[in-house]
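Asker: Pasting the sequence and the predicted coordinates here, then a few questions.
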Amino acid sequence: MNSNKANRSIECMVAQCANHCGSSNYCALDKIRVGTHETNPTMAQCTDCLSFVKRS
């Protein structure tokens with residue numbers, strides 16, 4: 001994974017993710033997967049980035 005390749009189409013402010021581009025608030029992935037932890041999501045807080053990988 002190349003964390004220096006910012007995908008300007010995917011903004012991300014989760015610096016704890018291994019896919020985060022360091023000093024810029026973008027994701028390095030070509031695409032992400034968004035899911036939910038709720039049966040019937042009704043707010044943004046109900047959604048999750050399923051592409052999250054904890055930075056080591």
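Answerer: It's in.

Asker: C-alpha from now on. contacts and neighbour counts both.
Answerer: OK.

Asker: on contacts alone, who are the packing partners of whichever helix or strand Ser9 is part of?
Answerer: Assigned by DSSP states H and E, Ser9 belongs to strand 7-11. Here strand 7-11 touches strand 26-27, going by 3 or more CA pairs under 8 Å, 6 or more residues apart in numbering; DSSP states H and E.

Asker: So which elements touch the strand it packs on?
Answerer: So strand 26-27, by 3+ CA pairs under 8 Å, 6+ apart, packs with strand 7-11.

Asker: Averaged pLDDT, the strand it packs on. What do you get?
Answerer: Averaged across strand 7-11, pLDDT comes to 97.

Asker: Note down every partner strand of it and its orientation.
Answerer: strand 26-27 (antiparallel) (DSSP bridges).

Asker: Would you mind pulling the contact partners of the strand it pairs with?
Answerer: Residues outside strand 26-27 that contact it (CA atoms under 8 Å, 6 or more residues apart in numbering) are Ser3, Ala6, Asn7, Arg8, Ser9, Ile10, Glu11, Cys12, Met13, Asn19, His20, Cys21.
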